[in-house]
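Asker: got a sequence here, can you model it:
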Amino acid sequence: MTAAYAAFGRRLWAVALDAMVAGFAIVAITIVGDLTRNVPGSGRVLVVLLYALIFLYEPLLVWGFGATIGQRAANLRVVDDATGGNPPFWRAFVRFVLKTVLGLPSFIAMAFTRRHQALHDKLTHTTVQIRNLDRAVAGDYHAERVQDAPDPAMPSPLRRIIIIVLYSAGLFLVGIAEVVLFVALFRTRDLKVLNTIFEIFWIAGTLWVVIAGWQGLLIGARRRETDRVEE
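Answerer: Now for the predicted structure:
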């Protein structure tokens, strides 16, 4: 059976559903914490539960069931390239970390990759596919793109992806350094404004890096100039 790769809208819906699940879970943990605040050791247990929710919710479910609650509700599954089944835990965890660090700009790579993979999918050798085609409509998925002949002037996709990740990480570090420097120089405590500025800088910069990097415009994975034929 031909694979049906999830469309961006379907994947975004799954992210929104998972955010709702996480929100309800945090509220539940908070309520339980308030009810058991006088129980010795309850605070530590709740902290462990909170960290487990943040760091293990997606990796454990993707490893065990091939999808989070949101992904399953959206009729999606994460597939390991090597086996065609669920990714092992370590791969699911690395995928989650990359998705968290790269954020929404990671999904831009879906417009360029053959199997509609986000950057975190590409780096961890996974795809997101429709779980049950009988429940899907045409706009929920895409077929594999027909791959054009490789451009000899263009660096390999893997090299471009590595450079994109390195530049994105560099932008993140530069943004953090600017915030720290600004706080040190101006003695400001208005971190809300600084965080907003940082987020705008990082998202805009990452978008540019992804687009420029895939087009071969970044140093380290730059498109080679082809010889021009004089008329």
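Asker: domain assignment for the protein?
Answerer: Following the assignment in automatic domain parsing, the chain carries domains at 5-142, 157-214.
Asker: end to end, how far does the shortest one reach?
Answerer: Distance between the boundary residues of domain 157-214 (C-alpha to C-alpha, to the nearest Å) amounts to 8 Å.
Asker: any idea which of the domains of the chain is most buried?
Answerer: domain 5-142 (a mean of 17; mean count of other C-beta atoms under 10 Å). C-beta here means a position set from N, CA and C on the backbone, and glycine is covered the same way.
Asker: got the end-to-end distance for it?
Answerer: From its first residue to its last, domain 5-142 covers 5 Å (C-alpha to C-alpha).
Asker: how about the domains of the chain in a markdown table, adding distance to R222?
Answerer: What follows is the domains of the chain, written out as a markdown table (distance: least, C-beta to C-beta, whole Å):
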| stretch | distance to R222 |
| --- | --- |
| domain 5-142 | 17 |
| domain 157-214 | 9 |
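Asker: weakest of these by average pLDDT?
Answerer: Of all those, the minimum mean pLDDT falls on domain 157-214 (a mean of 76).
Asker: tell me which helix or strand comes right after the host helix or strand of S168.
Answerer: Following DSSP states H and E, one finds S168 within helix 157-186. Using DSSP H and E, the helix or strand that follows helix 157-186 in sequence is helix 191-214.
Asker: and for that next one, what are the contacting residues?
Answerer: 102-105, 108-109, 112, 119, 160-161, 163-164, 167-168, 171-172, 175-176, 178-179, 182-183, 188, 218, 221 (C-beta atoms under 8 Å, 6 or more residues apart in numbering).
Asker: looking at the domains of the chain, which is closest to D151?
Answerer: D151 sits nearest to domain 157-214 of all the domains of the chain, at 10.7 Å, using C-beta to C-beta.
Asker: mind checking how far the closest one is from the chain centre?
Answerer: 16 Å (C-alpha atoms, centre = their mean, to the nearest Å).
Asker: what does stretch 107-125 give?
Answerer: 10 Å.
Asker: OK, contacts around the most centrally placed residue in the chain?
Answerer: Against the mean C-alpha coordinate of the chain, by C-alpha atoms, centre = their mean, the closest residue is K99 at 2.4 Å. Counting by C-beta under 8 Å, 6+ apart, K99 touches 106, 118, 120.
Asker: can you give the contact residues for the helix or strand harbouring L46?
Answerer: Taking DSSP H and E as the definition, one finds L46 inside helix 42-65. Outside of helix 42-65, the residues within contact range by C-beta under 8 Å, 6+ apart are 18, 22, 25-26, 29, 32-33, 36-37, 67-69, 71-72, 78, 86-89, 92-93, 95-96.
Asker: what packs against the helix holding S168?
Answerer: On a contact count with 3 or more C-beta pairs under 8 Å, 6 or more residues apart in numbering; DSSP states H and E, helix 157-186 meets helix 89-102, helix 119-124, helix 191-214.
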